[in-house]
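>>> just to be clear, the model below is a prediction. Sequence and coordinates:
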Amino acid sequence: MFEQLPALVAEHAELERRMNDPALHSDQRAARDVGRRYAELGPVVAAGAAWQQAEDDLLTARELAEEDASFHDELPGLEAVRDAAADVLRIALTPTDPLDEKDVILEIKAGEGGEESALFSGDLLRMYLRYAERQGWKTDVLDGTPSDLGGWRDVSVAVKAKGGGVWSKLKYEGGVHRVQRVPVTESQGRLHTSAAGVLVLPEADEIDVTIDPADLRIDVYRSSGPGGQSVNTTDSAVRITHVPTGTVVSMQNEKSQLQNREAGMRVLRARLLAQAEEAAAAEQSAARGAQVRTVDRSERIRTYNFKENRISDHRIGFTAYNLDAVLDGDLDALVTALTDADLTARVNGTAE
């Protein structure tokens, strides 16, 4: 792995030269890409320099030990420093997810289980909103269909951070979430199992996904959901169909047709970007771990057991007995465990 280091150091130096060229900044997209790549290579260059210095120190000590036996006592410590530096460099050289700095569109859909599943979808929505609040992120409920008892049959939320990085933490949430509890609708006190699906999409900028307006079919209709006095009086709801892919997005949460159209285009761009990433990952399965690591959507990734106050993530064998805290937004331990497991798999070359 270390043989690629000289080329990366050279690339970092060339990027620094380009960043100092005023001509670069006349092209906003090029300047952004160069800056992003330069920042990405910075830790690699620093880790490489530290490793090289540790190698040089160890080599010098070995040469001195051949002339003076007293230097032998220093070798184990220097070897330990060299090995630690090599571990840091190995991690730095592991490919990162290019989407990690993206904001996300989070979609939650009730599954089998009727009203109980919709209530669980509401629990998940609250969990993610509270987690976002703890992180200092901004959330915006774009659209949703509430259930009769206060849950959500489906809901879409935009999650943004001032410095980016939302995808790096929420990308592992995509999949089927299962709940085991006694529903409020259960009169006999029996334990039920139901599920809800979570879809996490990196939010695409307009420059990330090019959409030809000719490929869109836009229909308007009368809103049936929240939105104030205009609901049921104007055709403010919007349905956008991307004809080439058959992707359909409907929005009715905002009061105006323009607002619903803008929200719909945000979700459409995110879905098309996710489709493009998944297609690329299918063609290059070896890169799947670094590109699309949110696992198969059909896989049950996690169980929430209310009776035992237990949460279990089945992908990494994680179990904790603080479900109440997790549902209140305390996801840090779980996100850290998933991130560490993913990094270990990528460093060892076992990521799928």
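Received, thanks.
>>> give me the domain ranges for this protein.
2-93, 104-207+296-347, 213-282 (automatic domain parsing).
>>> now render those domains as CSV, adding mean neighbour count.
Bear in mind the C-beta positions are built from the backbone N, C-alpha and C, glycine included. Below are the domains of the chain laid out as CSV (neighbours: other CB atoms under 10 Å):
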stretch, mean neighbour count
domain 2-93, 14
domain 104-207+296-347, 18
domain 213-282, 17
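>>> can you redo those as CSV with mean pLDDT?
Output for the domains of the chain, formatted as CSV (pLDDT from 0 to 100):
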stretch, mean pLDDT
domain 2-93, 92
domain 104-207+296-347, 90
domain 213-282, 81
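>>> after the helix or strand harbouring Asp56 comes which helix or strand?
Following DSSP states H and E, one finds Asp56 within helix 28-67. Later in the chain than helix 28-67, the nearest helix or strand by DSSP H and E is helix 75-93.
>>> any chance you could list what contacts that next one?
1-2, 4-5, 8, 43-44, 46-48, 50-51, 53-55, 57-58, 61-62, 65, 343, 347 (CB atoms under 8 Å, 6 or more residues apart in numbering).
>>> in the sheet, who's paired with the nearest residue to Gly197 once chain neighbours are set aside?
Closest residue to Gly197 apart from its sequence neighbours, by CB to CB, 6 or more residues apart in numbering: Lys109 at 4.7 Å. Applying DSSP bridges to Lys109 gives these bridge partners: Asp154, Gly197.
>>> distance of Lys109 from Asn260?
Distance, Lys109 to Asn260, by CB to CB, to the nearest Å: 19 Å.
>>> the residue nearest to Gly197 reaches Ala195, doesn't it?
No - here Lys109 does not reach Ala195: they are 9.9 Å apart, not a contact under CB atoms under 8 Å.
>>> how many degrees apart are the helix holding Asp56 and helix 75-93 in direction?
160 degrees (axes from the mean of the first three to the mean of the last three CA atoms, to 10 degrees).
>>> residue contacts, Asp143?
Contacts of Asp143 (CB under 8 Å, 6+ apart): Val155, Ser156, Gly225, Ser250, Met251, Gln252, Asn253, Ala263, Val267.
>>> phi, psi for the closest residue to Gln257 other than its chain neighbours please.
Spatially, and ignoring its direct neighbours in sequence, Gln257 is nearest to Ser236 (4.9 Å; CB to CB, 6+ apart). When read as degrees, to the nearest 10, the backbone of Ser236 gives phi -100, psi -20.
>>> give the contact list for Ser236.
Here Ser236 is in contact with Val220, Arg222, Ser223, Gly227, Ser230, Gln252, Glu254, Lys255, Ser256, Gln257, Asn260 (CB under 8 Å, 6+ apart).
>>> which ones among the residues you listed map onto strands?
Val220 (DSSP state E).
>>> what's the closest of the contacts of Ser236 to Leu201?
Closest approach between the contacts of Ser236 and Leu201, by CB to CB: Asn260, at 18.4 Å.
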